[in-house]
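A.B. asks: coordinates only, sequence not included:
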């Protein structure tokens, strides 16, 4: 009966006239995490062993204030998807618990279309309760259609597990129109997450919960026909918390986010744990866990056979609301909410070693506003998009992946002309006001060549470059400006960057012998714009610790 009411209510709401969009007061709750002794430890690799990091793209940072119905508190729980035609789809909900799900699109990640209402609340039980919608996710399927899934619940009945489930809608025309909603699960849940496997299967992960007992875990449904039908319901991730006063075993592992790693056969997950260190009547805190499933199929768990999966690092991060993305080059990006701040960390292709000195330090935190839930989405080979709400709207941004690169074998004429430079590999150094500088490397066996292209002529006051042979403790500094540095051969002209923007193009030649470098050696490198503000080096680096710098291998 609840399914019939759901579909009838949805269709009637979605065919109604569009309402006016209004601004609202927005509320933000800042979570703080108490100390909790983890049963497992997870040692990060030394900082010199991984040198990929993220850098802001200032021109792509914004706060978006999308439209909402009267009564919805704020736009929250953003989920972004890159569509096959290059556009962006953004999903969000109206308020911390819903009740509506909206969708909007953008061609440039800056200007967004008027929102479309995907799911709207409607009354049940003769108006004594209503169905609400929250925590939507989406996936672009191999046939280019878009599948959206959302959690629904009876507002009053949720605590008793009544009127809850998962519902999907589909678009086959890039989000212009959407199919009639289809219920795919009955039962209490939160935070569904869609993953398309290399073999074409679609997996729907979700928090499978029993609200009255503070009990949860992650369960899965699978579809072999792009979401047309679903099967294989089972719980797959769970950690034991305690047995309550009634002898009921209480578990956690929730808000799932999973990706297939670059090996094509390992599923990596980043899960939130809601924990009560003082037992069932104590205050809840939140931790993050990492899990690995070796294969694309999951072993199911029942309530009596313990926890899973076996390969996991449990409760190692003080945070909540996790998300995972994987770059085409293999790096794994995890993000979560740490004290209300959207926090990101880069790991290697196995998701076993992450940048930084320890778990609770050295996170990339691109937004200043505080909120609850955030997400990321790969935009291109070297760029990832991220978002998290705050009191002013949705914080949106794009971030460049600086990863170790080669100084290609090539002879360069130092004349300020970049036509000889044909490598796609580059570092990006952002300027906190706008734009920034791309930096490329080459060598001819005797000289190290550096190409710096600053995308704004007016702002260019100079760049400081610091070099150090990997493992050595003798950094050398070079200042680049239009007057040049007498220590090195350089040329700087006003022209066009490799990306076609008007800017300052500078070429530099440095003898490899002066840096004690030869073929196969690695160079640690850092840079900073010279301006009237406190100096900013590459994000995630420490000026006096070369092991944290960018890495360049002399080809």
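C.D. replies: Yep, that arrived. Just so you know, these numbers come straight off a predicted model, no measurement behind them.
A.B. asks: any weak-confidence spans in the stretch 451-555 of the chain?
C.D. replies: Scanning the stretch 451-555 of the chain for pLDDT under 70 picks out 459, 482-487.
A.B. asks: and with 80 instead?
C.D. replies: Applying pLDDT under 80 to the stretch 451-555 of the chain flags residues 456-460, 481-487, 531-534.
A.B. asks: tell me where this protein has helices.
C.D. replies: Here the chain has its helices, by DSSP state H, at 2-14.
A.B. asks: for it, longest strand please?
C.D. replies: As assigned by DSSP state E, the longest strand anywhere in the chain is strand 129-140.
A.B. asks: packing partners for that strand?
C.D. replies: helix 2-14, strand 75-82, strand 88-94, strand 101-106, strand 116-119, strand 122-124, strand 146-154, strand 189-196 (3 or more C-beta pairs under 8 Å, 6 or more residues apart in numbering; DSSP states H and E). Backbone N, C-alpha and C define where each C-beta goes, glycine included.
A.B. asks: and those, which one's lowest on average pLDDT?
C.D. replies: Note on those: helix 2-14 shows the lowest mean pLDDT, a mean of 40.
A.B. asks: re the thing from before, between the helices and strands packed on strand 129-140, which gets nearest to residue 402?
C.D. replies: For these, the distance to residue 402 is smallest for strand 75-82, at 20.8 Å, taking C-beta to C-beta.
A.B. asks: parallel or antiparallel, which strands does the closest one pair with?
C.D. replies: If you go by DSSP bridges, strand 75-82 pairs up with strand 88-94 (antiparallel).
A.B. asks: spatially central residue in this structure, please.
C.D. replies: Ranked by distance to the mean C-alpha position of the chain (C-alpha atoms, centre = their mean), the top residue is residue 376 at 2.6 Å.
A.B. asks: report pLDDT for that residue.
C.D. replies: pLDDT, residue 376: 98.
A.B. asks: which residues touch it?
C.D. replies: 80, 323, 325, 333, 335, 344, 384, 385, 386, 387 (C-beta atoms under 8 Å, 6 or more residues apart in numbering).
A.B. asks: what about these, which are in strands?
C.D. replies: Here DSSP E is the test, and the contacts of residue 376 give 80, 323, 325, 333, 335, 344, 384, 385, 386, 387 as lying in strands.
A.B. asks: can you list the domains in this protein?
C.D. replies: Per the record, the chain has its domains at 1-19+72-187, 190-317, 405-554, by automatic domain parsing.
A.B. asks: nearest to residue 393 among the ones you listed would be which one?
C.D. replies: Using C-beta to C-beta, the domains of the chain put domain 1-19+72-187 closest to residue 393, at 6.5 Å.
A.B. asks: re the thing from before, what strands line up against the longest strand of the chain, and which way round?
C.D. replies: Next to strand 129-140 in the sheet, as set by DSSP bridges, lie strand 122-124 (antiparallel), strand 146-154 (antiparallel).
A.B. asks: return the member of the ones in strands among the contacts of residue 376 nearest to residue 172.
C.D. replies: Within those, proximity to residue 172 (C-beta to C-beta) peaks at residue 80, which comes in at 20.2 Å.
A.B. asks: who's in contact with the closest one?
C.D. replies: Per C-beta under 8 Å, 6+ apart, neighbours of residue 80: 88, 89, 90, 91, 375, 376, 377, 385, 387.
A.B. asks: and if you look at residue 468?
C.D. replies: Contacts of residue 468 (C-beta under 8 Å, 6+ apart): 474, 475, 476, 523, 524, 525, 546, 549.
A.B. asks: now those residues: which count as buried?
C.D. replies: Buried subset of the contacts of residue 468 (neighbour count, 16 or more other C-beta atoms under 10 Å): 475, 523, 524, 525, 546, 549.
A.B. asks: just checking, the fourth one touches residue 554?
C.D. replies: Which is residue 525. No. Judged on C-beta atoms under 8 Å, residue 525 makes no contact with residue 554 at a distance of 11.5 Å.
A.B. asks: any idea how far residue 88 is from residue 193?
C.D. replies: For residue 193, the distance to residue 88 equals 19 Å [C-beta to C-beta, to the nearest Å].
A.B. asks: what residues are up against the residue lying closest to residue 434 once chain neighbours are set aside?
C.D. replies: The shortest distance from residue 434 to any residue other than its chain neighbours is 5.1 Å, reached at residue 58 (C-beta to C-beta, 6 or more residues apart in numbering). Applying C-beta under 8 Å, 6+ apart to residue 58 gives the contacts 430, 431, 432, 433, 434, 435, 436.
A.B. asks: with residue 158 instead?
C.D. replies: 164, 188, 211 are the contacts of residue 158 under C-beta under 8 Å, 6+ apart.
A.B. asks: one more time with 10 Å, if that's ok
C.D. replies: Residues near residue 158 by C-beta atoms under 10 Å, 6 or more residues apart in numbering: 97, 129, 132, 152, 164, 188, 190, 209, 211, 212.
A.B. asks: go on, residue 513?
C.D. replies: Applying C-beta under 10 Å, 6+ apart, the residues near residue 513 are 446, 447, 448.
A.B. asks: can you check residue 449 too?
C.D. replies: By C-beta under 10 Å, 6+ apart, residue 449 lies in contact with 407-408, 410-414, 420-421, 440-443, 489, 507-510.
A.B. asks: now with 6 Å?
C.D. replies: Residues near residue 449 by C-beta atoms under 6 Å, 6 or more residues apart in numbering: 412, 442, 509.
A.B. asks: repeat for residue 221
C.D. replies: Counting by C-beta under 6 Å, 6+ apart, residue 221 touches 204, 230, 233.
A.B. asks: what's around the first one, how many residues?
C.D. replies: Around residue 204 sit 26 other residues, with neighbours defined as other C-beta atoms under 10 Å.
A.B. asks: how close does the closest residue to it other than its chain neighbours get to residue 185?
C.D. replies: Setting aside the residues directly before and after it, residue 204 is nearest to residue 221 in space (C-beta to C-beta, 6+ apart), at 4.5 Å. Distance of residue 221 to residue 185, computed by C-beta to C-beta: 6 Å.
A.B. asks: closest to residue 339 among the contacts of residue 221?
C.D. replies: Nearest to residue 339, judged by C-beta to C-beta, of the contacts of residue 221 is residue 204 at 30.5 Å.
A.B. asks: of all the helices and strands packed on strand 129-140, which one is nearest residue 403?
C.D. replies: Closest to residue 403 of the helices and strands packed on strand 129-140, according to C-beta to C-beta: strand 75-82, at 19.9 Å.
A.B. asks: from memory residue 276 sits against residue 282, does it?
C.D. replies: Yes. The pair residue 276 / residue 282 is scored as a contact, 4.4 Å apart, by C-beta atoms under 6 Å.
A.B. asks: more neighbours: which of these two?
C.D. replies: residue 276 (18 against 11).
A.B. asks: per-residue confidence at that one?
C.D. replies: On pLDDT, residue 276 comes in at 95.
A.B. asks: next, the contact list for it, please.
C.D. replies: By C-beta under 6 Å, 6+ apart, the neighbours of residue 276 are 282, 284.
A.B. asks: separation between it and residue 422?
C.D. replies: Distance check for residue 276 against residue 422: by C-beta to C-beta, it reads 58 Å.
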